[in-house]
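Trainee: Build me a model:
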Amino acid sequence: MTAKLAKLAAAGHLAPLARQIGSLGGCARPIRITGHRTRLDTATGQILDHLDTRHLPAGELLLRCGNRRTTRCPACSTLYRYDTYQLIAAGLRGGKTIPTTVATHPRVFATLTAPGFGPVHNQPGTTPCTCGTRHPDDDPLLGTPLNPQRYDYTGAVLWNAHAPALWARFTTHLRREIAKAAGLTQRTLRHHATLSYAKVAEYQKRGQIHFHTVIRIDGPTGPTSTPPTWATTELLDHSVRAAANRTRVQHQHPSRSGEADPAQSAGPMVFRLGRQIDVRAIRSTDFTGDAPVTDRHVAAYIAKYATKGAETTTGTLDRRLRFLAELAQHDLTDHARRMIHTAWHLGTQPQHTHLRLRQWAHMLGFRGHFSTRTRHYSTTLTQLRAERTAWRGRQDEAPTTTPTGPALVGRSAEQGPAGEGQPVTDRHGDRDDRGDLTAGHSDPGPGPGHRAGHRAKDGRRGGTDTTLVISHWQYAGTGLLPELAHLADLLATTPRPRTEQPSRPRHAQRSGDRAGHSTDPLTTTVQTGAIA
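Mentor: Numbering: from 1, shown residues only. Model prediction:
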């Protein structure tokens, strides 16, 4: 590899390659595409610029993979976590087109757990586990069954498969409970108030899904309107608990005609949420109350779990299985292996075919969205990425006046997650290049970061309303070629100037994950206990 790099350096290609790879921001598995793109001025027919991947240093356009999973790409998952923090925080304190008055709206942070399918090893506070041992935080026995032969693996996998339906049913019951508490009907509720929420699904050590959610009551038109006087935190707390207790989902085998199978009607399986329900009021950062939960705590907590899947908490796989025999190549715990085996074999039974358990065996049966939000809650990840792209374009146009100016470090207007100790940054390459393949603004082109773009004769960047983009792209592969991967490793080990690293607050230098669960006070009352 060294000889190949020396040959590239002799030909003068090493520095452009280093700039192109550096623009990926440390992406572990970038996407390689080939093709061309031409921008035309629709008024004059003039070619504003032309990009051909054959003229790029690597011969291909390299794009960040954008994977949210920490185990797949730490760099992209970090950026994803920062975006999720901004999305959640905007719905709690305002910003990003959301008015700051949402900080005065009733809102709670709720945790909904799964029921027990057998006793497991746990850390029940100051007392020892049921097995008589005090398990340390890194004990691999945590979350595993005390008696695997009597553990209900079938029920555990099927509950995960029905978790999305349970969440949907919970939101329906929640609206009914709010309307009932307010003395309204569910139909007339929308004329008085709007329910907004954002949730993330997290895996417990035992492999079960539970939900963390931020729930807020707005006025009839969303966050811009004032909630009615009857909308209080206490009413929302009561409604969440009542809705969780009422939530039920019945598993029935759908027949070809779309009706329930009569053979299954004698004893259908019914799934419900667990008995452990935690609901806490959220205080704003400028308000101190009895509850220690603030919008910073909640946003950072949810953002942390946005990049974690079953592979992080339970030690399973981060990709789908093609054959069950692939499990022999992976070092899995016996509990995770049995969960995957159960999901795989249940997928062959006709009554479970619609759950697609084989496709989601690596996720222990869960096939829902890990993160969802209502339309009125706050901004979207797409809008955040577009804002970052536009900001990056403005930084490219702005002249560099000092060595520590925007050419070296790009900082967003808002800081990053509390507890992370870093701001949401737009350092070299920390943006979504995929949106620029057809967009009319900042453009991947030759040079550092593929951000050459185009400019009109007066020096201004061309607008999307007068620009026609003609492009053709073809997927070439995933991951860097061996010599480029070696160069990326060399660049990663090269120390960066101190000015490029944002300062890390002293309070942020602490561990946030305790045996798959945060030590944050948000979850101190929700333990993964030995539930029978």
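Trainee: what's the helix or strand harbouring S196 packed up against?
Mentor: Using DSSP states H and E, S196 sits in strand 194-203. Packing partners of strand 194-203 (3 or more CB pairs under 8 Å, 6 or more residues apart in numbering; DSSP states H and E): helix 74-93, helix 153-182, strand 209-218, helix 295-305, helix 310-313, strand 371-373. To be clear about C-beta, it is placed using only N, CA and C from the backbone, and glycine gets the same treatment.
Trainee: Show me which parts of that strand are buried, residue by residue.
Mentor: Under the neighbour-count criterion of 16 or more other CB atoms under 10 Å, strand 194-203 has 194-203 buried.
Trainee: What of stretch 120-135?
Mentor: By neighbour count with 16+ other CB under 10 Å, stretch 120-135 contains the buried residues 120-123, 129, 135.
Trainee: and if you look at stretch 131-148?
Mentor: 135, 139, 141-146.
Trainee: I'd like to know which of those residues is nearest to R68.
Mentor: Using CB to CB, G143 comes nearest to R68 of the buried residues of stretch 131-148, at 22.9 Å.
Trainee: Where does the closest residue to that closest one other than its chain neighbours fall, secondary structure wise?
Mentor: Of all residues not flanking G143 in the chain, K205 sits nearest, at 2.7 Å (CB to CB, 6 or more residues apart in numbering). For K205, there is no host helix or strand (DSSP H and E).
Trainee: What count of nearby residues applies to K205?
Mentor: 23 (other CB atoms under 10 Å).
Trainee: Roughly how far does it sit from G91?
Mentor: 29 Å (CB to CB, to the nearest Å).
Trainee: Break down this structure into its strands, ranges please.
Mentor: 31-41, 47-52, 61-63, 107-112, 194-203, 209-218, 248-251, 269-272, 277-281, 371-373, 467-478 (DSSP state E).
Trainee: just how off-centre is the second one within its chain?
Mentor: Just to be clear, that refers to strand 47-52. 35 Å (CA atoms, centre = their mean, to the nearest Å).
Trainee: for that strand, packing partners?
Mentor: By 3+ CB pairs under 8 Å, 6+ apart, strand 47-52 packs against strand 31-41.
Trainee: May I have the strand it packs on exported as CSV, CA atoms only?
Mentor: Taking Å, rounded to 0.1, in the frame of the first residue of the first chain, the C-alpha atoms of strand 31-41 are listed here in CSV:
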residue,chain,number,x,y,z
ILE,A,31,-20.8,5.1,-1.0
ARG,A,32,-19.0,5.2,-4.4
ILE,A,33,-20.9,6.4,-7.4
THR,A,34,-19.9,7.3,-11.0
GLY,A,35,-21.6,9.5,-13.5
HIS,A,36,-21.9,13.1,-14.5
ARG,A,37,-24.0,16.2,-13.7
THR,A,38,-24.5,19.4,-15.8
ARG,A,39,-26.1,22.6,-14.7
LEU,A,40,-27.8,24.8,-17.3
ASP,A,41,-29.2,28.3,-17.0
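Trainee: quick one: low-confidence parts of the stretch 351-500 of the chain?
Mentor: By pLDDT under 70, the low-scoring segments of the stretch 351-500 of the chain are 396-465, 493-500.
Trainee: how about a cut-off of 50?
Mentor: Within the stretch 351-500 of the chain, the stretches with pLDDT under 50 are 400-463, 498-500.
Trainee: what does the chain give?
Mentor: If you take pLDDT under 50 as the line, the chain has these spans: 255-266, 286-289, 400-463, 498-521, 523-532.
Trainee: switch the cut-off to 70
Mentor: Residues of the chain meeting the criterion pLDDT under 70: 1, 4-5, 7-9, 11-12, 252-267, 284-292, 310, 396-465, 493-532.
Trainee: mind listing the helices for it?
Mentor: 2-10, 14-22, 74-93, 153-182, 186-189, 233-246, 295-305, 310-313, 334-346, 381-397, 482-493 (DSSP state H).
Trainee: quick one: which of the ones you listed is nearest T372?
Mentor: Comparing the helices of the chain under CB to CB, the one sitting nearest is helix 153-182, at 8.0 Å.
Trainee: just checking, what packs against that closest one?
Mentor: helix 186-189, strand 194-203, strand 209-218, helix 233-246, strand 248-251, strand 269-272, helix 334-346.
Trainee: Same list, the helices and strands packed on strand 194-203, but as TSV with distance to P482 please.
Mentor: Formatted as TSV, the helices and strands packed on strand 194-203 follow (distance: least, CB to CB, whole Å):
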stretch	distance to P482
helix 74-93	20
helix 153-182	39
strand 209-218	39
helix 295-305	34
helix 310-313	26
strand 371-373	35
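Trainee: Sheet partners, orientation included, of the strand holding S196?
Mentor: strand 209-218 (antiparallel), strand 371-373 (antiparallel) (DSSP bridges).
Trainee: just those strands: most buried one?
Mentor: Compared across these, strand 209-218 shows the largest average neighbour count, a mean of 24 (mean count of other CB atoms under 10 Å).
Trainee: Please work out the angle formed by the directions of that one and helix 153-182.
Mentor: Interaxial angle of strand 209-218 relative to helix 153-182 (axes from the mean of the first three to the mean of the last three CA atoms, to 10 degrees): 10 degrees.
Trainee: Tell me how far strand 209-218 lies from the chain's centre.
Mentor: 15 Å.
Trainee: Tell me what angle it forms with helix 74-93.
Mentor: 40 degrees.
Trainee: can you give me the angle strand 209-218 makes with strand 107-112?
Mentor: Going by the same axes, to 10 degrees, strand 209-218 makes 160 degrees with strand 107-112.
Trainee: What is the neighbour count of the residue lying closest to H376 once chain neighbours are set aside?
Mentor: Nearest residue to H376 in three dimensions, chain neighbours excluded: G222, at 3.8 Å (CB to CB, 6+ apart). Residues contacting G222 under the criterion other CB under 10 Å number 16.
Trainee: Straight-line length of stretch 371-385, end to end?
Mentor: Distance between the two ends of stretch 371-385: 17 Å, counting by CA to CA, to the nearest Å.
Trainee: any idea what sits nearest I470, other than its immediate chain neighbours?
Mentor: In space, I470 is closest to T38, 4.8 Å off (CB to CB, 6+ apart).
Trainee: Nothing else from me, thank you.
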